[in-house]
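Asks: return atomic coordinates for the entry below.
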Amino acid sequence: MVHSRFAVFLVLTALSCLCLAACNAKTPSPSPVQEKRAPDPRAVLPKEEAWANFTTGANVKAMALEGDHLWMGLPNGIIRYDTGTVDSHEVFTPASTQGGLLSKGVYTLKVDRQGLKWIGTYGGGLTLFDGKTWKTYTVADGLGDQWIYDIVFDGARAWIATWKGVSVFDGKRFKNYTEKDGLIDKWVYSIALDHDHVFWFGTESGVNRFDGKNWSSYTHKDGLGADVESKAPAESGQTAPSEPVVSALPSSESTDYGSTGTPSMHHHMDPGKKNVGANPNFVITAAVGHDNAKWFGTWGAGLSRFDGKTWTTFTKKDGLGGNFIHALAVDSDGFIWAGTNGGASWYDGQRWRNFSSDDGLVDNNVFSILFDDKGNRWFGTWQGLSRHRGKLPS
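Replies: Just a heads-up that it's a prediction; the model follows:
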C-alpha cells in the first residue's frame, strides 16, 4: 500500500506523569486549567500529509466528539483536546476533579444531544459531567455494577453494559436486566441498537437479541465467530493467543496492564476466570451497518456479520488486520471499521484493507475509532492517538 506517512509526535499531555502526580497527592488539587498555547508553525501538519500521531501517556480506550473537542477516556484519566489547536487540552482525574470522578480508569465515554458527558469507569460506576458539575451513580443508586463497558442512548434512556447485566437509566432510576431475564451471560461488553429498534448485547458467552419483550441468543454453534485452532496451552491450562495481542479488558481499575505491557488475565469478578485464549463466543464490541446488518467483534475469533438469517465471519485470512476485535465503527460512506490487534481495518462491502504502523498508525493495537465532520479519522491505540485525513487508498 503506497501511502504518505508523516508522523508528528505532539505531547497532548504527559498524562502518565500528570495523572500519577495528581493521584498520589495527599490533598485534592484544584480543578484543571485548560492549557492554551499559540500554534507552533513547525508543528502544523502540511495539507498533503495524511498522518499525525499524538502521545497521550496511556492507552486511548474511548473517544467522543463535542464540537471541536475530542474527549478521550484512558486507564488513568480523561483528556479533552481542542482539535482546532496544536495541543490545547484539559486533563481530568479523580484528584483534579476533587472526587468528581471516583475511578481513574475510563472504558467508555459518550456525549448526548444535550452535551452531557456519560463516563463509564472501572469500578467507579457511571459519572455524568455537564461541563461544571460531576454526578456519579453507583450500585447504591441502583446501577447494576460499578464496572461499565458501553453506553447506548434510546431517546431519554441510556442502556448501560456492566459486569452484572444491562442497566437502563431514565434520568431518575435504574432498571436492570440479568440472566434471570434472558441474558446469556451477566458479563456484558457491548450494546447496539438496530434500525428496527431491537437491542443487541455482546457478552462473554455470545450475543443476545432483545426487542423489548422477547429474548433470543446466538453462539458459535449458530455461526458466531470463527473456529479457533488449538495452540500450545497457557499456564492457566487454557488455549494461549496465537497472535500478538494487548488486552482491552482490565483485571482491575488500578492494574490494567502489567509492567511489561502484557495483559493481566485474571477476571476481577472471578479470580478463576481468565481472558486468555481466543473465544468465538466472547463478544467485545458491536455495531449496526447502514443496511441494518449486525456486526460483532470477538476475542480472537474475528469479526462476524449477521443479516438476520445468515452469519458471515471474517478473519485475518480475509484481510482483517487481526482476529482480536477491540472496536467497531461505521463511517459516512457506510464502510465498517474494525480496531484490531493488527491495526485498523475497513470493509467496503467487497474486501478488507488495513492501516498499520507501516502506513503511519502510531500503534497496531487499536481500541477506539471515531470520524469527525471534517474528514478526519481518529484512532485510539495502546501508544496514543493517530489522526488520518484525506482519501482512502484504492
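
Asks: the strand ranked longest in the chain: partners in the sheet, and parallel or antiparallel?
Replies: For the chain, the strand that runs over the most residues, judged by DSSP state E, is strand 279-288. Strand 279-288 has its sheet partners listed here by DSSP bridges as strand 294-299 (antiparallel).

Asks: where does the stretch 151-300 of the chain dip in pLDDT?
Replies: Segments of the stretch 151-300 of the chain classed as low confidence (criterion: pLDDT under 70) are 230-276.

Asks: now do the strands in it.
Replies: Remark: strands assigned in the stretch 151-300 of the chain by DSSP state E, counting those that start in this stretch are 157-162, 165-169, 174-177, 188-193, 199-203, 206-210, 215-218, 266-267, 270-274, 279-288, 294-299.

Asks: as a markdown table, the ones you listed with distance to T313 and mean neighbour count would be great.
Replies: For glycine as for every other residue, the C-beta is placed from the backbone atoms N, C-alpha and C. Below are those laid out as a markdown table (distance: least, C-beta to C-beta, whole Å; neighbours: other C-beta atoms under 10 Å):
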| stretch | distance to T313 | mean neighbour count |
| --- | --- | --- |
| strand 157-162 | 22 | 23 |
| strand 165-169 | 25 | 22 |
| strand 174-177 | 27 | 18 |
| strand 188-193 | 17 | 23 |
| strand 199-203 | 14 | 25 |
| strand 206-210 | 13 | 23 |
| strand 215-218 | 12 | 16 |
| strand 266-267 | 25 | 18 |
| strand 270-274 | 24 | 11 |
| strand 279-288 | 8 | 24 |
| strand 294-299 | 8 | 27 |
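
Asks: in JSON lines, list those along with distance to V106.
Replies: What follows is those, written out as JSON lines (distance: least, C-beta to C-beta, whole Å):
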{"stretch": "strand 157-162", "distance to V106": "14"}
{"stretch": "strand 165-169", "distance to V106": "17"}
{"stretch": "strand 174-177", "distance to V106": "20"}
{"stretch": "strand 188-193", "distance to V106": "15"}
{"stretch": "strand 199-203", "distance to V106": "19"}
{"stretch": "strand 206-210", "distance to V106": "25"}
{"stretch": "strand 215-218", "distance to V106": "29"}
{"stretch": "strand 266-267", "distance to V106": "19"}
{"stretch": "strand 270-274", "distance to V106": "23"}
{"stretch": "strand 279-288", "distance to V106": "16"}
{"stretch": "strand 294-299", "distance to V106": "20"}
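
Asks: looking at those strands, which is closest to T56?
Replies: strand 279-288 (20.6 Å; C-beta to C-beta).

Asks: can you map out the helices along this protein?
Replies: Per DSSP state H, the chain carries helices over the ranges 15-23.

Asks: and the gap between the residue nearest to N376 when sequence neighbours are not counted and V228?
Replies: Spatially, and ignoring its direct neighbours in sequence, N376 is nearest to R389 (4.8 Å; C-beta to C-beta, 6 or more residues apart in numbering). Relative to V228, R389 is positioned 37 Å away (C-beta to C-beta, to the nearest Å).

Asks: ok, the two, which is more surrounded?
Replies: Between R389 and V228, counting by other C-beta atoms under 10 Å, V228 is the more crowded of the two (19 against 16).

Asks: would you quantify the distance from that one to T285?
Replies: Counting by C-beta to C-beta - V228 and T285 are separated by 18 Å.

Asks: isn't N292 up against D196?
Replies: Yes - the pair N292 and D196 qualifies as a contact (C-beta atoms under 8 Å) at a distance of 7.1 Å.

Asks: and those two? Which one has more around it.
Replies: N292 (12 against 9).

Asks: from S345, how far out is that one?
Replies: Taking C-beta to C-beta as the criterion, N292 is separated from S345 by 21 Å.

Asks: try A64
Replies: 22 Å.

Asks: so for the two, which residue has more residues nearby?
Replies: Just comparing A64 and S345: by other C-beta under 10 Å the higher neighbour count belongs to S345, 25 against 21.

Asks: buried residues, stretch 84-94. List them.
Replies: For stretch 84-94, the neighbour count (16 or more other C-beta atoms under 10 Å) marks V86, D87, S88, H89, E90, V91, F92, T93, P94 as buried.

Asks: would CSV of these with pLDDT and distance to G300 be doable?
Replies: Shown next, in CSV, are the buried residues of stretch 84-94 (pLDDT from 0 to 100; distance: C-beta to C-beta, whole Å):
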residue, pLDDT, distance to G300
V86, 86, 38
D87, 85, 36
S88, 93, 39
H89, 94, 34
E90, 96, 36
V91, 96, 34
F92, 97, 33
T93, 96, 33
P94, 96, 33
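
Asks: quick one: G212 from H197, how far?
Replies: Applying C-beta to C-beta, the value for G212 to H197 is 8 Å.

Asks: apologies, that question was intended for A156.
Replies: Plainly put, A156 is 14 Å away from H197 if you go by C-beta to C-beta.

Asks: how about L65?
Replies: Distance of L65 to H197, given as C-beta to C-beta: 25 Å.

Asks: so for these two, which sits in the more crowded spot?
Replies: Neighbours of L65 and H197, each counted by other C-beta under 10 Å, are more numerous for L65; the result is 16 against 9.

Asks: check contacts around the closest residue to that one other than its chain neighbours.
Replies: Distances taken as C-beta to C-beta, 6+ apart put D372 closest to L65, at 5.8 Å, once the chain neighbours are dropped. By C-beta atoms under 8 Å, 6 or more residues apart in numbering, the contact set of D372 is L65, T83, W378.

Asks: surely the first one and R80 touch.
Replies: The reference is to L65. No - if you go by C-beta under 8 Å, L65 and R80 don't touch, sitting 10.8 Å apart.

Asks: now for the two: what residues contact both?
Replies: Here L65 and R80 have W71 as joint contacts, going by C-beta under 8 Å, 6+ apart.

Asks: now do the contacts for the residue nearest to T285 when sequence neighbours are not counted.
Replies: The shortest distance from T285 to any non-neighbouring residue, by C-beta to C-beta, 6+ apart, is to G297 (4.2 Å). Contacts for G297 (C-beta under 8 Å, 6+ apart) come out as S190, G202, V283, I284, T285, A286, L303, I325, H326, A327, L328, A338.
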